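Chemist: Please find the sequence and the predicted model below.
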Amino acid sequence: MISFIVPAYNEEALIGRTLEGLNLAARAIGEPYELVVADDASSDRTAQIAITHGARVVRVELRQIAATRNAGAREARGDKLIFVDADTLVSESGVRAAIEALNTGASGGGSAVNFDGTVPGYAKRVHPAMVRIFRALGLACGCFLFCTREAFAAAGGFDETLFASEEITMSRALKRQGRFVVLRESVTTSGRKLRMYSGRDVLRLFGSILLAGPKALRSRDALEVWYGGRRDDPDLAVASRQ
């Protein structure tokens, strides 16, 4: 069985479309599946929306993406685990390719990522290079990662000492368990963080990480882009006025 594990924090604006996309993809493939939403301290309608889309909701109070993904995995019943962020759309072809990779012996894998909506110029310039780097290094993007339950257990799950870059550590851990596949298919994730934070904000964040070194990835306070309270997407605000 396929277990789609969706970590979420205050994602009422986007989680519905994510879960609907997964439902459509999984039904088209025809394999048994489940949706597990790990609701990490949401104060909005995230859980209610998840339930209306057929998900089983696991409530946690962690505010850490690695630990939240692990909590969802512990509750999952499938032998194939697909981790999808709550703001990410995965096509039928992407799910089908991931399952085919696992059925033919891969321990896990990921894909490239595209952003929805309009994104700043700096992001448009940097994004293609990042896609090529991740593909060349054989790394999954954080919003979409899949693996067998056996490989996940052998890898020890996501590293809960990390508040960011946990997908890179997990990709490397899964590679030690067997073949790791970066799919030709891409997923589409929300570009809201790029829209909500200026290039200067992002540069300041990554500069502080470079100065502090790896220890910066072990502190929630240093990672405003990932853990800050901003959720208001300028693109959604414009759409609501039209």
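Modeler: Sure, I can see it. Residues are numbered from 1 along each chain as shown.

Chemist: Pull the number of nearby residues for the nearest residue to residue 60 once chain neighbours are set aside.
Modeler: Excluding the flanking residues, the one nearest residue 60 by Cβ to Cβ, 6 or more residues apart in numbering is residue 71, at 4.8 Å. Just so you know, the C-beta spots here come from the backbone N, C-alpha and C atoms, and that holds for glycine as well. Counted with other Cβ atoms under 10 Å, the neighbours of residue 71 add up to 23.

Chemist: which residues are in contact with the lengthiest strand in the chain?
Modeler: In the chain, taking DSSP state E as the definition, the longest strand is strand 180-189. For strand 180-189, contacts defined as Cβ atoms under 8 Å, 6 or more residues apart in numbering pick out 84-85, 87-91, 93-94, 97-98, 101, 106-116, 134-135, 138-141, 143-144, 171, 174.

Chemist: who's in contact with residue 14?
Modeler: 86, 87, 190.

Chemist: just checking, residue 54 touches residue 22?
Modeler: No - here residue 54 does not reach residue 22: they are 9.6 Å apart, not a contact under Cβ atoms under 8 Å.

Chemist: ok, the two, which is more surrounded?
Modeler: Neighbour count, other Cβ under 10 Å: between residue 54 and residue 22, residue 22 has more, with 25 against 13.

Chemist: how far away is the residue nearest to that one when sequence neighbours are not counted from residue 200?
Modeler: Spatial nearest neighbour of residue 22, chain neighbours left out: residue 4 (5.0 Å); criterion: Cβ to Cβ, 6+ apart. Residue 4 sits 36 Å away from residue 200, taking Cβ to Cβ, to the nearest Å as the criterion.

Chemist: Same drill for these two, tell me which one is more crowded.
Modeler: Taking neighbours as other Cβ under 10 Å, residue 4 and residue 200 compare with residue 4 leading, 27 against 9.

Chemist: what kind of secondary structure is that one in?
Modeler: Put simply, residue 4 is strand when judged by DSSP: H, G, I helix; E, B strand; the rest coil.

Chemist: Return the residues in contact with it.
Modeler: 22, 26, 33, 34, 35, 36, 82, 84.

Chemist: Quick check: phi and psi on residue 115?
Modeler: phi -110, psi 140 (degrees, to the nearest 10).

Chemist: Could you report the neighbour count for it?
Modeler: By other Cβ under 10 Å, neighbour count at residue 115 equals 17.

Chemist: who are the neighbours in contact with it?
Modeler: By Cβ under 8 Å, 6+ apart, the contact list for residue 115 reads 123, 127, 188, 189, 190, 191, 194.

Chemist: Dump the residues you listed to CSV, plus pLDDT, distance to residue 63 and neighbour count.
Modeler: Output for the contacts of residue 115, formatted as CSV (pLDDT from 0 to 100; distance: Cβ to Cβ, whole Å; neighbours: other Cβ atoms under 10 Å):
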residue, pLDDT, distance to residue 63, neighbour count
123, 81, 26, 17
127, 85, 27, 17
188, 96, 25, 19
189, 94, 20, 24
190, 90, 19, 24
191, 85, 23, 20
194, 77, 22, 21
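
Chemist: quick revisit: only the buried residues of the longest strand of the chain, if you could.
Modeler: Residues of strand 180-189 classed as buried: 180, 181, 182, 183, 185, 186, 187, 188, 189 (neighbour count, 16 or more other Cβ atoms under 10 Å).

Chemist: Show me the strands paired with it, marking each as parallel or antiparallel.
Modeler: strand 88-89 (antiparallel), strand 108-115 (parallel) (DSSP bridges).

Chemist: Flag the helix or strand of the chain with the lowest per-element mean pLDDT.
Modeler: Taking mean pLDDT, DSSP states H and E as the measure, the helix or strand of the chain with the lowest value is helix 234-241, at a mean of 47.
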